[in-house]
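Q: predicted coordinates and the sequence they were generated for:
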Amino acid sequence: MARPPSPSSCPLAGKKIVVAGAGIAGLAFAISLQHFWNEDLGSYPEITLYEREEKEPGRGREGYSLSIRGDSRSGGVQALQKMGVLEKLLDVSITGRGGERGSFGFWDPNWKRIVEIRLEKPRDLPASGMRIARWQLRRVLTESVAAHTEIVWGVACLEVLPSSDTKIRVRLSDGKEEDCDFLVAADGASSKLRASVRPADILHFAGAVSIGASSRFPGAPPVPVNEDWGMVFNRTGTALFVSPVDDRSALWNLSYIADSPRDPQRQPLSPEQTAQILQEAKERGKSFKEPFQTLVDNTDVSTLNIFNANDKQPFPHGKQNGVPNGIVFIGDSNHAVSPFAGNGANMALMDAFDLAECLCGQPSIEQAVNVYDKRSMPRCSATVKMSHFTIGLVHSTGLRGLFYRAMLGLAGVILSVLSWRKRR
């Protein structure tokens, strides 16, 4: 992709940029800005990322994996390729350099494959997508941030404060205040910065409650979770998602429909709480055959949690929308989605890349943000809508469940025939 036409100078040249959050969106923004910047834009801005976590990414609590895809709805693979980090990520991905290992799909309760979905590889990409541990993705992105960009670990951005001039003032968790010319809020679904400027813009319960954890094994996880990932569909109102995380661990996530959200349970949990949650998971998932019980029995209890599927619609920027000029929300801080969307990481990458491109290609920050909103909002609204459809599909019962099961089976047959014809 060609670089955007450069204005005589960029409105951010020589300015101070604060990025709230060194997660996927925040790191990708810093890398993307490096990608687009050239000497015609002026002096490179001073960039500081504030991250609430105390240290650089490691396995830690990030014991799950993500799908990065290259289809037209997602675009995550393309964004990573343009940032110059795709090859490094493919090397440490679950699916391999060419995306040859594993695939997404649906199983029945007996783990018989209903449908297998493999995206066709675009000509200009080494792989159509990849499954990668989140900590590996963050590690590579962190290492790819240029030396002139500072990451401050263990300090969070808590609040946007009133300011008497054109600067944006942010209150930090270490008690200090930081002034900047441009603020990128990438502080997640429960964004404190969003709460400070748009207090009514909160998460909404999407109708499902999940019990999940990672399971660790002395060797490879059981088949098919050693390579493949996807949903186990049983038409009882309970669904199961499984995925490999690395060569010795796998993720399981049991979900069910509820009329109201449940009190989340996160670490640290007492031994009694842990035992109760694991027993509940076994009871709710008793219709799923092996290896479900094996996954639960080998749970790494430090990763066990109960959470609600929450989401929110994206919002545009500008004072007319309750956002002071010079502040942009990207990723989950703008448009949180539940895991059922399967697209959160892709949107974070695309948001970061598009925002950097717009800032480097438009004559003013206001124009750049306006163009960015026109790109970001349609895809994010569509993803929220798709996540609600997915929740309804995988938890369906009765005649609706029977219909969806038949449609999945038909899709499996069609895809198998198409795959057979391509191999001939």
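A: Thanks, I have the structure now.
Q: rest of the way, CA atoms for contacts and neighbours
A: Noted.
Q: can you pull out the helices in the stretch 51-200 of the chain?
A: 76-83, 86-91, 134-144, 192-197 (DSSP state H, counting those that start in this stretch).
Q: tabulate these (a markdown table), appending mean pLDDT, mean neighbour count and distance to residue 108.
A: As requested, the helices of the stretch 51-200 of the chain are arranged in a markdown table below (pLDDT from 0 to 100; neighbours: other CA atoms under 10 Å; distance: least, CA to CA, whole Å):
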| stretch | mean pLDDT | mean neighbour count | distance to residue 108 |
| --- | --- | --- | --- |
| helix 76-83 | 94 | 23 | 29 |
| helix 86-91 | 95 | 18 | 30 |
| helix 134-144 | 95 | 20 | 27 |
| helix 192-197 | 97 | 20 | 41 |
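Q: for residue 321, find the nearest of those helices.
A: The closest approach between residue 321 and any of those, judged by CA to CA, belongs to helix 192-197 at 9.9 Å.
Q: what sits up against stretch 275-283?
A: 211, 254, 293, 296 (CA atoms under 8 Å, 6 or more residues apart in numbering).
Q: list only buried entries from those.
A: Listed as buried from the contacts of stretch 275-283 are 211, 254, 296; burial here means 16 or more other CA atoms under 10 Å.
Q: for stretch 219-231, what is the distance to the chain centroid?
A: 21 Å (CA atoms, centre = their mean, to the nearest Å).
Q: residue 125 and residue 79, how far apart?
A: Noted for residue 125: a distance of 11 Å to residue 79, by CA to CA, to the nearest Å.
Q: what's the answer for residue 335, then?
A: Taken as CA to CA, the span from residue 335 to residue 79 is 19 Å.
Q: next one: residue 111
A: 34 Å.
Q: how about residue 162?
A: 35 Å.
Q: show me the contacts of stretch 275-283 that map onto helices.
A: Mapping the contacts of stretch 275-283 onto helices (DSSP state H) picks out 293, 296.
Q: could you identify the most distant pair in the contacts of stretch 275-283?
A: By the measure CA to CA, 211 and 293 form the most distant pair in the contacts of stretch 275-283, at 13.9 Å.
Q: does residue 47 touch residue 17 like I think?
A: Yes - the pair residue 47 / residue 17 is scored as a contact, 4.8 Å apart, by CA atoms under 8 Å.
Q: of those two, who's got more company?
A: The neighbour comparison of residue 47 against residue 17 (other CA atoms under 10 Å) goes to residue 17, with 22 against 19.
Q: residue contacts, that one?
A: With CA under 8 Å, 6+ apart, residue 17 has these contacts: 45, 46, 47, 48, 180, 181, 182, 183, 184.
Q: now the helix or strand of the chain with the lowest mean pLDDT: how far from the chain's centre is it?
A: In the chain, no helix or strand scores lower on mean pLDDT, DSSP states H and E than helix 398-423, which sits at a mean of 83. Chain-centre distance of helix 398-423: 28 Å, with CA atoms, centre = their mean.
Q: may I see the buried residues of that helix?
A: Neighbour counts over helix 398-423 (16+ other CA under 10 Å) mark 401, 404, 405, 408, 409, 411, 412, 415 as buried.
Q: and of the residues you listed, the nearest to residue 71?
A: Closest to residue 71 out of the buried residues of helix 398-423 is residue 415 (16.6 Å), distances taken as CA to CA.
Q: which stretches of the stretch 101-250 of the chain aren't confidently modelled?
A: Nowhere does the stretch 101-250 of the chain drop to pLDDT under 70.
Q: doesn't residue 381 belong to a helix?
A: Yes - with DSSP: H, G, I helix; E, B strand; the rest coil as the criterion, residue 381 is part of a helix.
Q: next, the contact list for the residue nearest to the spatial centre of the chain, please.
A: Closest residue to the average C-alpha location of the chain: residue 345 at 2.7 Å, with CA atoms, centre = their mean. Contacts for residue 345 (CA under 8 Å, 6+ apart) come out as 24, 25, 66, 67, 68, 76, 331.
Q: how many other residues sit next to the third one?
A: It stands for residue 66. Using other CA under 10 Å, residue 66 has 23 neighbouring residues.
Q: beta-bridge partners for it, please?
A: residue 132 (DSSP bridges).
Q: so it makes contact with residue 135?
A: No - applying CA under 8 Å as the test, residue 66 and residue 135 come out as separate, 9.8 Å apart.
Q: residue 386 - nearest residue in space that isn't next to it in sequence?
A: In space, and not counting its chain neighbours, residue 386 is closest to residue 341: 6.4 Å by CA to CA, 6 or more residues apart in numbering.
Q: was I right about that neighbour contacting residue 384?
A: Yes - taking contacts as CA under 8 Å, residue 341 lies within contact range of residue 384: 6.8 Å.
Q: so for those two, which residue has more residues nearby?
A: Neighbour count, other CA under 10 Å: between residue 341 and residue 384, residue 384 has more, with 23 against 20.
Q: just the pLDDT at that one, thanks.
A: At residue 384, the pLDDT value in this model is 94.
Q: which ones are touching it?
A: Neighbour list for residue 384: 311, 312, 313, 337, 341 [criterion: CA under 8 Å, 6+ apart].
Q: most neighbours out of these, which is it?
A: residue 337 (32 neighbours).
Q: how about that residue, phi and psi?
A: The phi/psi pair for residue 337 (degrees, to the nearest 10) reads phi -130, psi 150.
Q: give me every residue that touches it.
A: 310, 311, 312, 344, 383, 384, 387.
Q: correct me, but residue 305 touches residue 266?
A: Yes - between residue 305 and residue 266 there is a contact under CA under 8 Å: 4.9 Å.
Q: more neighbours: which of the two?
A: More crowded of residue 305 and residue 266, by other CA under 10 Å: residue 305, with 21 against 12.
Q: ok so, going back, report the separation between the residue nearest to residue 386 and residue 85.
A: In this view, residue 341 and residue 85 are 24 Å apart by CA to CA.
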